[in-house]
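Enquirer: give me coordinates for this.
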Amino acid sequence: MTPISRWSDIPAFDDEEAEAKFWESHELDARLMSGSIHEPDSRESTTITLRFDPRMLSRIKRIARSRFLNYQSMMKQWLAERLEDELRKQ
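Expert: Alright, predicted model coming up:
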């Protein structure tokens, strides 16, 4: 089985048959699954404000809905993943 470690590694499927065939040889990495579960963070956090183009925000929300995630949590996950990638490159 090939593990999927990023949501972006899952392709868009033309139909359910293509999706079923894909999942016969692929599986979600446990870290990806655990990162998708919202757990209250006991650590302190800081609230920030970001301004987005309305079309971009709409696209982000659509992606989050398709993954059954809260869009803000998904964006936080994306940032955490990118931060890890950047730190590995150093």
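Enquirer: tell me what the lowest-mean-pLDDT helix or strand in the chain is packed against?
Expert: For the chain, using mean pLDDT, DSSP states H and E, the weakest element among its helices and strands is helix 30-36, scoring a mean of 76. Contact analysis of helix 30-36 by 3 or more CB pairs under 8 Å, 6 or more residues apart in numbering; DSSP states H and E lists helix 71-89 as its packing neighbours. Any C-beta I mention is one placed from the backbone N, CA and C, and that applies to glycine too.
Enquirer: could you redo the last one with a cut-off of 10 Å?
Expert: Helix 30-36 sits against strand 2-4, helix 71-89, with contacts defined as 3 or more CB pairs under 10 Å, 6 or more residues apart in numbering; DSSP states H and E.
Enquirer: check the offset of the first one from the chain's centre.
Expert: The one in question is strand 2-4. Relative to its chain's centre, strand 2-4 lies at 15 Å (CA atoms, centre = their mean, to the nearest Å).
Enquirer: for it, which helices and strands make contact with it?
Expert: When contacts are defined as 3+ CB pairs under 10 Å, 6+ apart, strand 2-4 packs onto helix 16-25, strand 26-28, helix 30-36.
Enquirer: ok, residues contacting it?
Expert: Contacts with strand 2-4, where a contact means CB atoms under 10 Å, 6 or more residues apart in numbering, come from 9-10, 22-23, 25-33.
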